[in-house]
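**Student:** Got a sequence here, can you build the structure:
(one chain, ligands or ions: 2)
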Amino acid sequence: MANAKQLTGAGLRGQVAGKTALSTVGKTGSGLTYRGYDVKDLAAKCDFEEVAHLILKGELPTATELSAYKTKLKSLRSLPQALKDVLERIPASAHPMDVMRTGCSMLGNLETEQSFAEQQDATDRMLAIFPGLVNYWYNYSHHGKRIDVETAADSIAEQFLWTLHGEKPQALHTEVMQASLILYAEHEFNASTFTARVCASTLSDMHSCITGAIGSLRGPLHGGANEAAMELIEKMDNADDAEQKLLCMLARKEKIMGFGHAVYAESDPRNAVIKEWSEKLANANGDTKLYDVSVRCEAVMWREKKLFCNADFFHASAYNYMGIPTKLFTPIFVCSRLSGWAAHVMEQRADNRIIRPSADYVGVEPRNVKPIAARG
Ligand SMILES: CC(=O)SCCNC(=O)CCNC(=O)[C@H](O)C(C)(C)COP(=O)(O)OP(=O)(O)OC[C@H]1O[C@@H](n2cnc3c(N)ncnc32)[C@H](O)[C@@H]1OP(=O)(O)O
Ligand SMILES: O=C([O-])CC(=O)C(=O)O
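**Tutor:** Numbers count the residues shown, from 1 in each chain. Ligands and ions are numbered 1, 2, ... in the order given. As a prediction, this is how the structure comes out:
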């Protein structure tokens, strides 16, 4: 096992801000567990719905429970007309994360969570609707098409690809999406989840918590890194070119998106899983350039800086190989992390005290207000 990272300094690093029974991150330096299960085991053996059930309800479902849960989620895919109207007014130039934030917020106006007794239903509705929501906007704003989001897709993974491309996806692509959604589902007190918990601690509604979390995930230091990684690797012609370009960026002290982590010391356990899928997709596509470039970036970053790929880096090539436009990468993260966010909101509500830390004051000493004519 790798050594644990020394967690000190700004950004509340290493400070315990609450309790959770949902996941452990880098407990002994590497490793990620959801309710006691290793994420690699879950990604190898489960569908996302099973993992969402585990995270939200506490246990992996039986076959009967899974079937009932999937039937419920499939029945909740339709977009209310008022939400479609809003989506149709958002320009093609908008970032899809802003569309998701607005879409989630609008849903909260139309189907407001009236009491905490509705928290599971509110979450299930968002799990079911989010893939179709963002792809409805994408197809309408980019291709002028009003898509039918009530597809025959059997899972959230398939629903995302189906509503994006307008047809049943290849089995390999659905399999990769299942794994990807599982890898992204939950990660303890990361920035977006902490946002959701802070909002929950005021006893706010589920849609407000999730809307805030989407805003936090959007940034390139967090979920937005998968898009930023794509923008990096698509500029590289081959592995040697990747090495040259990276060395120049490092010499200029630029940050390389998709590398490093606030908690893991030597590796992010999700990387090995998505890297393997990226390689399979590269071979299936008969075009390994992006994969080869990514592998060289990984080697150079470790050799030069002892920095490793986080969950986002190989997601870039994997999603690209599946024909997913770069700006839709982080919204997929939303469709998945929603399960973790909502479970944290529920956990916070079950044992709540308003989250209200303190600050060290570093401003000016106390002073008197001068009349306006005497200032300047
Ligand atoms: C799913 C996720 O959200 S995973 C994270 C996705 N984000 C990214 O990939 C963005 C790129 N990575 C980063 O910005 C950072 O590694 C973070 C935000 C993930 C973690 O930040 P921190 O906890 O502050 O990182 P850490 O303490 O390990 O940084 C140590 C040093 O390495 C540097 N470093 C860390 N990551 C990188 C990177 N990707 N590229 C270049 N240098 C880096 C830091 O600048 C810091 O140097 P300094 O001490 O001279 O300032
Ligand atoms: O834990 C973090 O800081 C970021 C991360 O990897 C995640 O949210 O998946």
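**Student:** from here on, contacts and neighbour counts on C-alpha atoms
**Tutor:** Fine.
**Student:** Contact residues of the stretch 151-300 of the chain facing ligand 2?
**Tutor:** By the rule C-alpha under 6 Å from any ligand atom, the part of the stretch 151-300 of the chain lying against ligand 2 is 184, 187, 190, 222, 262.
**Student:** Now do the same contact list for the second one.
**Tutor:** Residue 187 makes contact with 23, 24, 25, 32, 193, 340 under the criterion C-alpha atoms under 8 Å, 6 or more residues apart in numbering.
**Student:** Grab the CA positions of the helix or strand containing the fifth one and hand them over as CSV.
**Tutor:** Translated: residue 193. For residue 193, the host element (DSSP states H and E) is helix 191-200. Extracted C-alpha coordinates of helix 191-200, given in CSV (Å, rounded to 0.1, in the frame of the first residue of the first chain):
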residue,chain,number,x,y,z
ALA,A,191,-15.6,20.4,-3.2
SER,A,192,-18.9,19.8,-4.9
THR,A,193,-20.1,17.4,-2.3
PHE,A,194,-19.1,19.7,0.5
THR,A,195,-21.1,22.5,-1.3
ALA,A,196,-24.1,20.2,-1.3
ARG,A,197,-23.7,19.5,2.4
VAL,A,198,-23.2,23.1,3.4
CYS,A,199,-26.5,23.9,1.5
ALA,A,200,-28.2,20.9,3.1
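**Student:** Would you mind listing the two of the contacts of residue 187 that lie farthest apart?
**Tutor:** Greatest spacing in the contacts of residue 187, by C-alpha to C-alpha: 32 and 193 (15.8 Å).
**Student:** Looking at these two, which is more packed in?
**Tutor:** For residue 32 versus residue 193, neighbours defined as other C-alpha atoms under 10 Å are more numerous around residue 193 (28 against 25).
**Student:** any idea what sits nearest that one, other than its immediate chain neighbours?
**Tutor:** Closest residue in space to residue 193, ignoring its immediate chain neighbours: residue 341 at 5.3 Å, by C-alpha to C-alpha, 6 or more residues apart in numbering.
**Student:** ok, is the helix or strand containing that neighbour in contact with ligand 2 or not?
**Tutor:** Assessed by DSSP H and E, residue 341 sits inside helix 329-350. No. Helix 329-350 stays clear of ligand 2 (C-alpha under 6 Å from any ligand atom), getting no nearer than 8.2 Å.
**Student:** Buried residues, that helix. List them.
**Tutor:** Within helix 329-350, the residues scored as buried using 16 or more other C-alpha atoms under 10 Å are 329-349.
**Student:** now swap in stretch 353-368 and tell me
**Tutor:** So, applying 16+ other C-alpha under 10 Å, stretch 353-368 has no buried residues.
**Student:** mind checking pLDDT for the residue nearest to residue 259 when sequence neighbours are not counted?
**Tutor:** Of all residues not flanking residue 259 in the chain, residue 309 sits nearest, at 4.5 Å (C-alpha to C-alpha, 6+ apart). For residue 309, the model assigns a pLDDT of 98.
**Student:** phi, psi of residue 309?
**Tutor:** phi -70, psi 130 (degrees, to the nearest 10).
**Student:** so it touches residue 298, yeah?
**Tutor:** Yes. Taking C-alpha atoms under 8 Å as the definition, residue 309 is a contact partner of residue 298 at 6.3 Å.
**Student:** Show me how far stretch 230-244 is from its chain's centre.
**Tutor:** Centroid displacement of stretch 230-244 relative to its chain, using C-alpha atoms, centre = their mean, to the nearest Å, is 24 Å.
**Student:** Make 120 the starting number, not 1.
**Tutor:** New numbering, starting at 120: the last item is stretch 349-363.
**Student:** Endpoints of that stretch, how far apart?
**Tutor:** The separation between the terminal residues of stretch 349-363, taken as C-alpha to C-alpha, to the nearest Å, is 17 Å.
**Student:** Sort out which residues of it are buried, please.
**Tutor:** Buried-residue list, stretch 349-363, by 16+ other C-alpha under 10 Å: 349, 351, 352, 353, 355, 357, 358, 361, 362.
**Student:** What of stretch 128-147?
**Tutor:** So for stretch 128-147, counting by 16+ other C-alpha under 10 Å, buried means 141, 142, 143, 144, 145, 146.
**Student:** what subset of those is also close to ligand 1?
**Tutor:** Contacts with ligand 1 are made by none of the buried residues of stretch 128-147, judged by C-alpha under 6 Å from any ligand atom.
**Student:** Helix, strand, or coil at residue 349?
**Tutor:** Secondary structure, DSSP: H, G, I helix; E, B strand; the rest coil: residue 349 is helix.
**Student:** Tell me the predicted confidence for it.
**Tutor:** The model's pLDDT for residue 349 equals 98.
**Student:** Done for today, thanks.
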